[in-house]
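>>> 3D model of this:
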Amino acid sequence: MTEIHPMMFVNLPVRDLGRATAFFEALGFRFDPRFTDDKASCMVVSERAYVMLLTRPFFETFTDRPPADPKAEVGAMYALSFDSRADVDAFVDKAIAAGGRVMETKDFEFMYQRSFVDLDGHQWEPFFMDMAAFEAAQRVK
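Residues are numbered from 1 along each chain as shown. Down below sits the predicted model:
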């Protein structure tokens, strides 16, 4: 089978599009204006990964199932890799300053993770993984 390299679009329902967009701008994300209007904001995560912030009514046009309430339930966790622990800390500190709620910090020696919940209740998992430490731990097993 040929290896695939698709683009990825995660669609998230939000209650207040302007407020959600401003929150992620405060974290340093940029938005693609070609796919941003009064119903959606296209957050650029990388050249092949995007998060579409969609108003709840617009989100509902893509499915016949009701959207979950992320303030009450976890439907998914959105993990983002960073180059260092300091980068993880700086990113999460921005999220807290912008109104996010911090969750438990986890340190597995080879992986460092600080979680937060955004304004709509979606759980984000910024992390740093030291691949050399990970590979050394795997050899020990």
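>>> in the protein, which spans are strands?
8-14, 30-31, 40-46, 49-55, 77-81, 101-107, 111-117, 123-129 (DSSP state E).
>>> As TSV, those with distance to Pro70 and mean neighbour count would be great.
Every C-beta, even on glycine, is put in place using the N, C-alpha and C of the backbone. Formatted as TSV, the strands of the chain follow (distance: least, Cβ to Cβ, whole Å; neighbours: other Cβ atoms under 10 Å):
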stretch	distance to Pro70	mean neighbour count
strand 8-14	8	17
strand 30-31	21	14
strand 40-46	16	18
strand 49-55	13	21
strand 77-81	11	13
strand 101-107	12	12
strand 111-117	8	20
strand 123-129	8	18
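>>> between the helix or strand bottoming out on mean pLDDT in the chain and strand 111-117, what angle do the directions make?
Lowest on mean pLDDT, DSSP states H and E among the helices and strands of the chain sits helix 131-140, with a mean of 80. In terms of direction (axes from the mean of the first three to the mean of the last three Cα atoms, to 10 degrees), helix 131-140 departs from strand 111-117 by 120 degrees.
>>> Return the distance of helix 131-140 from the chain's centre.
How far helix 131-140 lies from its chain's middle: 26 Å, per Cα atoms, centre = their mean, to the nearest Å.
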